[in-house]
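Novice: Please find the sequence and the predicted model below.
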Amino acid sequence: MRRIGSLSDKEAAETFRDYLLTQEIESDLDAAGDEWAIWVHDEDRIEETKSELDQFRENPQADKYRKAIVEADRLRHAKVQKAIAAKKSQINLSRQWNRPLIAKIPVTFTLIVLSAIITLGTQYGKKLDAFGGQVSIVPQMTRVGDYTKFPANYRQLPGVTNGQVWRLVTPAFIHFDPIHLILDVYWLAIFGGMIERVRGRRSMILLFLLTAIVGNLVQLYWNGPAFGGMSGVDAGLFGFIWISGQMDPSGGLTLPQHLVFIMLGFLMLATTGLMGPIANGAHLGGLFAGMGAAAATVTLKRIR
């Protein structure tokens, strides 16, 4: 900030300051004996402001200076209103982030809780007759050691065809060890939380149902009914965010490129069998279901 000169009259100095404000030049006044010193903030506009001060001294009653008084008041009022709005926004954002998880992402939170309850209730998938045997994709499934018994007609979806449609999604809540559960709910919290915050609860519910059903059915027909886990849904939510970000970058759903490579690399590595028995059908079914949902959503948005 630098002093560029002074004016003997306070009212004249205030008028000149108002004029500078309309020219987007920030300035301050300071009493200096019998005069009012004018200080300019922007060093790059010092010479320009000195020239303006010389012109003002020649004709301080010019119309442009009179009009500047009104315009400067409007600019100050607008600045105050903008500051108030920014403060309110900051407060609202703080309240949003300080809310408990169940209030910020209730659908995702509920899915995490159900995963924990059903996983523990089935003793990590060892007791499939828990909850009345209603959580496996087909009825009458039991674990005997490392083997799972199931009906020979599982491809006909006994149970579902008798009205037990929830069996199409409930296998997603069954996990077979603590690491399996932790990893699946971790990615569910990341991807599900992102989608729910940006697109809302309804979208999250629909995406869960779509990716769970498609992933579970693909896995069922690929390798039988002995499976479980939320990873197919996680792959679907990842696919939805990935394609949404590619097709609609301004839509609020994007992923860093390195995370995309990590997720795709994991899904490809899982298909090799090097990571042990993994429900690749659920992964691929959920992934393509999520990608398709994203493509359809963005396309409909463009049409509208």
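Specialist: Noted; the coordinates are in hand. Numbering: from 1, shown residues only.
Novice: how near is residue 71 to residue 61?
Specialist: Going from residue 71 to residue 61 by C-beta to C-beta, to the nearest Å gives 17 Å. Glycine gets a C-beta too; all of them are placed from N, C-alpha and C.
Novice: Over to residue 281?
Specialist: 84 Å.
Novice: who's more crowded, those two?
Specialist: More neighbours surround residue 281 than the other of residue 281 and residue 61, with 21 against 9 (other C-beta atoms under 10 Å).
Novice: My read is that residue 240 contacts residue 296, right?
Specialist: No - using C-beta atoms under 8 Å, residue 240 is not in contact with residue 296; the gap is 10.3 Å.
Novice: Mind checking which of those two has more residues around it?
Specialist: The residue with more neighbours, out of residue 240 and residue 296, is residue 240; 29 against 11, by other C-beta under 10 Å.
Novice: got the contact list for that one?
Specialist: Neighbouring residues of residue 240 by C-beta atoms under 8 Å, 6 or more residues apart in numbering: 195, 207, 211, 253, 290-291, 293-294.
Novice: Report the buried residues of the lowest-mean-pLDDT helix or strand in the chain.
Specialist: Sorting the helices and strands of the chain by mean pLDDT, DSSP states H and E puts helix 101-104 at the bottom, at a mean of 72. Within helix 101-104, no residue is scored as buried using 16 or more other C-beta atoms under 10 Å.
Novice: what do you get for stretch 128-148?
Specialist: Neighbour-count burial for stretch 128-148 [16+ other C-beta under 10 Å]: 128, 130, 133, 135-139, 141, 143, 148.
Novice: And for stretch 220-230?
Specialist: In stretch 220-230, counting by 16+ other C-beta under 10 Å, buried: 220, 225-230.
Novice: try stretch 271-289
Specialist: 278-289.
Novice: nearest to residue 111, of the residues you listed?
Specialist: residue 286 (13.7 Å; C-beta to C-beta).
Novice: On the pLDDT front, check that closest one for me.
Specialist: According to the predicted model, the pLDDT of residue 286 comes to 96.
Novice: With pLDDT and distance to residue 199 added, can I get the buried residues of stretch 220-230 in JSON lines?
Specialist: Supplementary listing: the buried residues of stretch 220-230 in JSON lines, determined by pLDDT from 0 to 100; distance: C-beta to C-beta, whole Å:
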{"residue": "220", "pLDDT": "95", "distance to residue 199": "28"}
{"residue": "225", "pLDDT": "93", "distance to residue 199": "32"}
{"residue": "226", "pLDDT": "91", "distance to residue 199": "33"}
{"residue": "227", "pLDDT": "92", "distance to residue 199": "28"}
{"residue": "228", "pLDDT": "93", "distance to residue 199": "27"}
{"residue": "229", "pLDDT": "94", "distance to residue 199": "24"}
{"residue": "230", "pLDDT": "96", "distance to residue 199": "19"}
